[in-house]
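Enquirer: Quick one, fold the following:
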Amino acid sequence: MVHTFAIEPQTYIAFENEAEQLDKCKEWGLLSDKATKSKAFYYKGNGKNEACSIVGYVDRFVAVIEFDNKQKHCIHPSYLKEMQASSYGQKYAARAESEDLQEQAEAEPELHAVQEEPELTVAEEAPPTKELPAAEEPAKAKAPKTKGKVQLPEEKVKMTATVKEFATVPNHFSDNDDEVVIYEAVAILDSETVLGEAWSSHSATIKKLELAIGDTITFEGKVVAKKLTKHPVPYKINNPAKIQKDV
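Expert: Have a look, this model is predicted:
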């Protein structure tokens with residue numbers, strides 16, 4: 001049976017393995033930080049209560065789920081998280097199905113806009129890169145200034161970054177904005193590549209560090225070309241782990 005309400009992703013990033021899915025679900029708050037395996041998820045919108053699998057994502061704000069009929073649907077992680085509560089059905093039973101459909105229709109232009117956003121290059125849209133200050137440079141050698149299009153590594157790499165500011169960005173699927181951290185002096189240590197500015201979600205893991213503006217951290221993570229909404233920050237750091245705050 002085809003779900004008429006589904007918003008099929010035009011393009012999305014599929015999880016390569018269970019470990020990547022696990023990290024992303026923890027970042028979204030769908031699993032606890034101590035979870036070692038995934039669990040069953042259920043879609044309860046539009047009068048449904050159907051098992052689904054989280055198979056990937058469009059970006060930080062749009063997850064992609066798949067139903068048993070192999071049909072895929074774009075949904076905000078916070079909305080999916082609400083559906084997992086046992087009280088969800090009671091809370092939303094009084095809402096008309098047409099209201100759910102209207103919300104999905106209003107979200108669709110935003111989803112398509114995200115999917116069609118071109119990959120950024122440093123030469124075209126990114127702010128000028130800069131060398132790390134002497135106090136923050138890797139001990140082995142000075143990081144060269146990056147020019148032209150940056151070749152981002154596909155795997156996780158060891159990085160360093162300094163907290164520039166804390167910000168929020170609009171969340172079209174929730175009443176609350178999403179919290180993010182904006183970094184400067186971001187560099188990939190192994191290749192001595194300077195990226196300049198990047199951002200990440202202000203996840204529960206990062207909040208535990210109680211970071212302040214000016215703090216420098218070293219960590220492992222995957223960096224992708226994804227511009228922050230309403231901010232000139234061209235790169236996103238996914239799933240930072242093994243984070244150490246420099247003293």
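
Enquirer: and residue 8, that one's in a helix?
Expert: No. According to DSSP: H, G, I helix; E, B strand; the rest coil, residue 8 belongs to no helix; its state is coil.

Enquirer: Quickly note the distance from it to residue 34.
Expert: Residue 8 sits 34 Å away from residue 34, going by Cβ to Cβ, to the nearest Å. Where you see a C-beta, it was placed from the backbone N, CA and C, and this is true even at glycine.

Enquirer: next structured bit after the one helix or strand in the chain whose mean pLDDT sits lowest?
Expert: Here the helix or strand of the chain ranked lowest by mean pLDDT, DSSP states H and E is helix 97-115, holding a mean of 47. Of the helices and strands lying after helix 97-115 in sequence (DSSP states H and E), the nearest is strand 157-169.

Enquirer: who does the next helix or strand after that next one pair up with?
Expert: Under the assignment DSSP H and E, the closest C-terminal helix or strand after strand 157-169 is strand 178-188. The strands beside strand 178-188 in its sheet (DSSP bridges) come out as strand 157-169 (antiparallel), strand 193-201 (antiparallel).

Enquirer: Contacts only, for the spatially most central residue of the chain.
Expert: Centroid-nearest residue in the chain, with Cα atoms, centre = their mean: residue 60, separated by 2.7 Å. By Cβ atoms under 8 Å, 6 or more residues apart in numbering, the contact list for residue 60 reads 178, 201, 226, 236.

Enquirer: try 7 Å this time
Expert: 201, 236 (Cβ atoms under 7 Å, 6 or more residues apart in numbering).

Enquirer: Can you list the low-confidence ranges for this protein?
Expert: Along the chain, the model assigns pLDDT under 70 to residues 89-149, 173-174.

Enquirer: Domain boundaries for it, per the record?
Expert: With domains defined by automatic domain parsing, the chain comprises 13-115, 134-245.

Enquirer: What is the burial count for residue 17?
Expert: Number of residues near residue 17 (other Cβ atoms under 10 Å) recorded here: 7.

Enquirer: on that earlier part again, let me have the domains of the chain in TSV, extended by distance to residue 1.
Expert: Formatted as TSV, the domains of the chain follow (distance: least, Cβ to Cβ, whole Å):
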stretch	distance to residue 1
domain 13-115	6
domain 134-245	25
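
Enquirer: Can you check which of the strands paired with strand 178-188 gets nearest to residue 77?
Expert: strand 193-201 (10.2 Å; Cβ to Cβ).

Enquirer: Just the C-alpha atoms of the closest one, please, in PDB.
Expert: Extracted C-alpha coordinates of strand 193-201, given in PDB (Å, rounded to 0.1, in the frame of the first residue of the first chain):
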ATOM      1  CA  THR A 193      44.300  21.400   6.100                       C
ATOM      2  CA  VAL A 194      42.800  24.600   7.400                       C
ATOM      3  CA  LEU A 195      39.000  24.900   6.900                       C
ATOM      4  CA  GLY A 196      38.400  28.200   8.700                       C
ATOM      5  CA  GLU A 197      34.900  28.100  10.100                       C
ATOM      6  CA  ALA A 198      32.600  25.100  10.700                       C
ATOM      7  CA  TRP A 199      29.600  24.200  12.800                       C
ATOM      8  CA  SER A 200      28.000  21.300  14.700                       C
ATOM      9  CA  SER A 201      24.900  20.600  16.600                       C
END
